[in-house]
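K.L.:
Coordinates only, no sequence provided:
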């Protein structure tokens, strides 16, 4: 009995067990110390993912697809042709616009010709009026002379110094001069009326010329618009990137503004991490960040904290929460933070894809 008790006491005092227990306590303490020290100088979250610019491919005109030049997951360069639409309808519209422009140009030329003819008629009428004015002045001079002769002969006839025939000749000359002046005045009035009519016609033709010129400007705009729409039948890549799944086929009708597929710009990627609002107290822009992708957990990506979102993620949701109504339950909100990679030479960056889950570690020092 005593032997068993002594053996039990020796087992309890076995130094291997004590050493093992001490190592566990020391290791646990050291691990806890490391974690506490890390927590004091770092903020972490696994609510993060890789992001990149994704541009939808949207046609600017409606039409039937003639050719699809790309496949799923294909790399493209800026300016590469993605789709070709049937352009026959747009070529017809361009021809119609060009024909309308030619008609408007012809109308303008006719209006200009009419304007030139009206101006020539005005000049002719004005020249005729000038000639008549000269003739009137000469006729008035002749009238004054005839009148003077008639008055003188009237005094002489009273004294019987001249014959009755001479007096009648002077009277006839005076009356002829008066008629001549009246005829010229009438001709002048007629020429003036004709000039006014021609001037009114010229003004009307001038308005027609302005209308024709405005029509030409409109037709030119129509031609430019038709050419622009024709150019839109060839859809090209606006940026370098990778094509997503192509969901269109030749012969399919697409609407202007319809999203067909997307181009992912993989050359410039970043991380959006959603930190709790209680974590951002010591976080500032420019702090160093390490990123660990779930797909490449052993690789450490170098990054920097770039900027903070202007509002929490819930604020931008389709139905943002309204704590002023119903039963209020406080929920810790998360604020999106943009993190940019700094080591662009890291070959592993090319393997990251938008949407991949990552873990981020922000160094607060």
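P.N.:
Received, thanks. All of these numbers come straight from a predicted model, not from anything done at the bench.
K.L.:
Please count neighbours and contacts with C-alpha atoms only from this point.
P.N.:
Noted.
K.L.:
Break this structure into its domains for me.
P.N.:
Domain ranges of the chain: 44-85+243-363, 88-221, per automatic domain parsing.
K.L.:
what ranges do the strands span in the stretch 151-300 of the chain?
P.N.:
234-236, 241-243, 253-254, 261-276, 288-293, 296-308 (DSSP state E, counting those that start in this stretch).
K.L.:
And those: which comes nearest residue 53?
P.N.:
Smallest distance to residue 53 across these (CA to CA): 5.5 Å, for strand 261-276.
K.L.:
got the angle for the closest one vs strand 296-308?
P.N.:
80 degrees (axes from the mean of the first three to the mean of the last three CA atoms, to 10 degrees).
K.L.:
Grab the nearest non-local neighbour of residue 309.
P.N.:
Excluding the flanking residues, the one nearest residue 309 by CA to CA, 6 or more residues apart in numbering is residue 336, at 5.4 Å.
K.L.:
pLDDT wise, what is that neighbour at?
P.N.:
Turning to residue 336, the model gives it a pLDDT of 94.
K.L.:
from here on, count from 11
P.N.:
From this message on, residue numbering opens at 11, which makes the last subject residue 346.
K.L.:
and it, helix, strand or coil?
P.N.:
strand (DSSP: H, G, I helix; E, B strand; the rest coil).
K.L.:
Name whatever forms a beta bridge with residue 351.
P.N.:
residue 313 (DSSP bridges).
K.L.:
wait, isn't the residue nearest to residue 319 in contact with residue 318?
P.N.:
Yes: between residue 346 and residue 318 a contact is recorded at 6.4 Å, counting by CA atoms under 8 Å.
K.L.:
Burial-wise, tell me which of the strands of the stretch 161-310 of the chain comes out on top.
P.N.:
Of all these, strand 251-253 carries the top mean neighbour count, a mean of 22, counting by mean count of other CA atoms under 10 Å.
K.L.:
Run me through the strand neighbours of that one, direction for each.
P.N.:
strand 85-86 (antiparallel), strand 271-286 (antiparallel).
K.L.:
what does the longest one contact?
P.N.:
What it means is strand 271-286. Applying CA atoms under 8 Å, 6 or more residues apart in numbering, the external contacts of strand 271-286 come out as 54-68, 249-257, 323, 342-351, 360, 363-364, 370.
K.L.:
quick one: pLDDT of the residue most central in space within the chain?
P.N.:
For the chain, the residue sitting closest to the mean C-alpha position, by CA atoms, centre = their mean, is residue 70 at 12.4 Å. Residue 70 is assigned 94 on the pLDDT scale.
K.L.:
That one in helix, strand or coil?
P.N.:
Quick answer, by three-state DSSP: residue 70 is coil.
K.L.:
Ok, residue 32 next?
P.N.:
helix.
K.L.:
my guess is the residue nearest to the centre of the chain contacts residue 269, does it?
P.N.:
No: using CA under 8 Å, residue 70 makes no contact with residue 269, being 10.4 Å away.
K.L.:
dump the residue contacts of residue 88.
P.N.:
By CA under 8 Å, 6+ apart, residue 88 lies in contact with 246-250.
K.L.:
Would you single out the least confident of the domains of the chain?
P.N.:
Averaged per stretch, pLDDT over the domains of the chain is lowest on domain 98-231, reaching a mean of 72.
K.L.:
From start to finish, how long is that one in a straight line?
P.N.:
Start and end residues of domain 98-231 are separated by 20 Å (CA to CA, to the nearest Å).
K.L.:
distance between the ends of stretch 357-374?
P.N.:
OK, stretch 357-374 end separation, CA to CA: 27 Å.
K.L.:
just to revisit the earlier point, need the strands of the stretch 161-310 of the chain in JSON lines with distance to residue 151, can you?
P.N.:
Below are those laid out as JSON lines (distance: least, CA to CA, whole Å):
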{"stretch": "strand 244-246", "distance to residue 151": "84"}
{"stretch": "strand 251-253", "distance to residue 151": "97"}
{"stretch": "strand 263-264", "distance to residue 151": "89"}
{"stretch": "strand 271-286", "distance to residue 151": "96"}
{"stretch": "strand 298-303", "distance to residue 151": "111"}
{"stretch": "strand 306-318", "distance to residue 151": "101"}
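K.L.:
closest to residue 115 out of those strands?
P.N.:
Of these, the one closest to residue 115 (CA to CA) turns out to be strand 244-246, at 31.0 Å.
K.L.:
Tell me the strands beside that closest one, with direction?
P.N.:
strand 91-95 (antiparallel).
K.L.:
There's contact between residue 243 and residue 96 in this structure, I believe.
P.N.:
Yes: the criterion here is CA under 8 Å, and residue 243 meets it with residue 96 at 6.9 Å.
K.L.:
Apart from its neighbours in sequence, what residue is nearest the residue nearest to the centre of the chain?
P.N.:
Per CA to CA, 6+ apart, closest to residue 70 is residue 266, 4.8 Å.
K.L.:
Check residue 258 too.
P.N.:
residue 270 (6.9 Å).
K.L.:
Could you pull up the residues touching the one you found?
P.N.:
Applying CA under 8 Å, 6+ apart, the residues near residue 270 are 66-68, 256-258.
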